[in-house]
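A.B. asks: need coordinates for the following:
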Amino acid sequence: MAALPMTDEECRLATEALSDQIDLYAELLVKKGVALQPDQELVLQAPVESADFARRVVSAAYRAGAGHVTVIWQDDAVSRLTYENCPVTFFESTPSWQVEQLNSLAEAGAAFLFLEGRDPSALEGVDPAKLVAAAKARNTDCRAFRDGMDFGYNAWCIAGVPVAAWARKVFPDVSSAEALYRLWVLILEVARADGKDPESAWETHNASFEKTKRFLNSHHFDALRYESANGTSLTVGLPAAHVWDGGAGRTRDGVTFFPNIPTEEVFTSPDRLRVDGVVHATLPLVLSGQMVRDFWLRFEDGRVVDFDAVQGKEVLRHIVETDEGSCRLGEVALVSKNTPIRQSDTLFFDTLYDENASCHLALGMGFPECLEGGASLSKDDLLARGVNQSSTHVDFMIGADDLNIRGISADGTETAIFENGQWVWE
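C.D. replies: Numbering: from 1, shown residues only. Presented below is the predicted three-dimensional model:
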């Protein structure tokens with residue numbers, strides 16, 4: 001028998017009952033997510049619709065000793081109006097005030113917390129060339145800001161917060177009020193923030209990554225081979241000195257933080273020149289409010305040479321053609337089908353969550369920390385050693401219940417890593 005729908009008043013009371021837990025979530029993001037240090041600046045990017053939660057985060061930050069908190073508001077409706085009414089040339093450069101804002105904050109050592117909460121369809125129908133141009137310009141012009149996160153100078157974290165349009169997309173068969181409540185409950189659960197001590201839960205969760213990373217790093221695989229009945233047949237080469245990472249990150253100053261809450265992945269950067277075969281996406285890709293569904297990519301010598309999609313092919317084309325490196329892989333990530341997000345049997349229509357339900361790959365920028373000594377190398381040196389360089393980084397999900405992955409050693413020996421969508425030891 002289907003559950004009875006909740007009234008708006010029941011939803012209000014149920015959400016109010018979550019208030020203390022939501023406060024603990026805000027503290028988790030401040031203390032573990034960005035690991036805010038005494039007198040440090042926190043930069044908070046948040047949707048205007050979630051102002052109440054943003055205020056909780058600001059309050060938690062000052063309780064943790066923040067020197068100052070800068071809030072940068074985001075609004076789907078204003079973003080759409082901007083894209084609809086400004087020419088593509090407007091998006092090909094970042095306004096100087098924004099460049100100064102982001103670069104100066106990064107150079108001053110700020111921590112960056114990005115609250116992810118948007119309508120997955122907010123920019124549906126917008127010219128994808130504008131979206132790609134804006135992202136490319138920001139990543140190119142705001143170089144200190146990007147390098148601060150990519151090269152370990154600044155702590156940062158992306159975490160979710162519900163907004164009504166997103167909640168309705170995830171839970172389309174209930175009222176807006178009930179959808180918001182349900183999404184709050186789910187976000188707290190998969191972020192391990194639904195108990196009495198979320199910070200301790202994340203310390204325990206982080207320890208669980210260590211066994212997996214030891215296994216992968218001890219084998220020094222030369223390549224990975226992916227096979228699935230959906231048509232995926234892909235071989236991904238790995239740099240000789242690659243390193244598997246996952247869980248907590250660490251700044252150059254030794255501050256331990258969590259770039260994603262939630263996170264379930266271990267990942268590395270592949271050899272940008274050694275990817276061959278076909279891979280099929282198993283979940284939609286939502287990028288800047290536009291959706292790509294049922295798509296595949298074919299690689300030769302590391303480069304995407306063909307692709308197709310049932311929906312959003314032009315969006316995919318603009319991603320692949322963003323710059324010289326956007327047609328190559330910058331990340332391979334392994335995620336078991338037994339994670340809380342996958343077990344929730346929920347499609348979030350948001351990469352932060354959906355990528356942690358599925359093995360995934362990413363087109364674009366690779367990770368310096370995924371190469372031994374990579375954090376101290378120049379971009380040209382990283383490129384020469386196989387780590388891709390690009391102004392973009394776009395994740396897409398490829399995990400399937402029958403996905404098998406084998407590690408291939410330099411001598412050709414093969415070792416099972418994944419069988420039927422999960423680690424061989426599960």
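A.B. asks: any stretches of the stretch 201-350 of the chain with poor pLDDT?
C.D. replies: Within the stretch 201-350 of the chain, no stretch has pLDDT under 70.
A.B. asks: please enumerate the strands of it.
C.D. replies: 223-227, 233-237, 245-246, 249-250, 256-257, 260-261, 266-268, 275-280, 285-287, 290-300, 303-311, 329-334 (DSSP state E, counting those that start in this stretch).
A.B. asks: let me have these in a markdown table, adding mean neighbour count and distance to S50 as columns.
C.D. replies: (C-beta placed from N, C-alpha, C; glycine too.) Output for the strands of the stretch 201-350 of the chain, formatted as a markdown table (neighbours: other C-beta atoms under 10 Å; distance: least, C-beta to C-beta, whole Å):
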| stretch | mean neighbour count | distance to S50 |
| --- | --- | --- |
| strand 223-227 | 20 | 37 |
| strand 233-237 | 20 | 37 |
| strand 245-246 | 22 | 28 |
| strand 249-250 | 18 | 25 |
| strand 256-257 | 16 | 22 |
| strand 260-261 | 24 | 15 |
| strand 266-268 | 24 | 28 |
| strand 275-280 | 20 | 35 |
| strand 285-287 | 24 | 18 |
| strand 290-300 | 18 | 22 |
| strand 303-311 | 15 | 28 |
| strand 329-334 | 25 | 27 |
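A.B. asks: let me see the contact set for E107.
C.D. replies: 144, 148 (C-beta atoms under 8 Å, 6 or more residues apart in numbering).
A.B. asks: ok, it to D401 distance?
C.D. replies: 46 Å (C-beta to C-beta, to the nearest Å).
A.B. asks: hang on, the earlier thing: closest to F348 out of the strands of the stretch 201-350 of the chain?
C.D. replies: For F348, the closest of the strands of the stretch 201-350 of the chain is strand 285-287, at 8.9 Å, according to C-beta to C-beta.
A.B. asks: and that closest one, what other elements does it pack with?
C.D. replies: strand 290-300, helix 313-320, helix 351-354, strand 393-397 (3 or more C-beta pairs under 8 Å, 6 or more residues apart in numbering; DSSP states H and E).
A.B. asks: the first one: how far from the chain's middle?
C.D. replies: For strand 290-300, the distance between its averaged C-alpha position and the chain's averaged C-alpha position is 18 Å (C-alpha atoms, centre = their mean, to the nearest Å).
A.B. asks: name every strand pairing with it and say which way it goes.
C.D. replies: Applying DSSP bridges to the sheet, strand 290-300 is found paired with strand 275-280 (antiparallel), strand 285-287 (antiparallel), strand 303-311 (antiparallel).
A.B. asks: out of the ones you listed, which comes closest to G33?
C.D. replies: Taking the strands paired with strand 290-300 one by one with C-beta to C-beta, strand 285-287 is closest: 22.0 Å.
A.B. asks: quick one: residues in contact with the closest one.
C.D. replies: 120, 131, 291-293, 295, 312, 315-316, 319, 349-351, 394-397.
A.B. asks: and if we set it to 6 Å?
C.D. replies: For strand 285-287, contacts defined as C-beta atoms under 6 Å, 6 or more residues apart in numbering pick out 120, 292, 349, 396.
A.B. asks: please name the bridge partners of the closest residue to E419 other than its chain neighbours.
C.D. replies: Residue nearest to E419 in three dimensions, not counting chain neighbours: N404, with 5.7 Å by C-beta to C-beta, 6 or more residues apart in numbering. Beta-bridge partners recorded for N404 (DSSP bridges): E227.
A.B. asks: quick one: residues contacting Q40.
C.D. replies: 67, 111.
A.B. asks: dihedrals phi and psi, it?
C.D. replies: phi -80, psi 150 (degrees, to the nearest 10).
A.B. asks: list the buried residues in stretch 369-380.
C.D. replies: 369-371, 374-375, 377 (16 or more other C-beta atoms under 10 Å).
A.B. asks: follow-up on the earlier one: make JSON lines out of the contacts of strand 285-287 and add distance to R12.
C.D. replies: What follows is those, written out as JSON lines (distance: C-beta to C-beta, whole Å):
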{"residue": "P120", "distance to R12": "25"}
{"residue": "V292", "distance to R12": "36"}
{"residue": "F349", "distance to R12": "25"}
{"residue": "F396", "distance to R12": "38"}
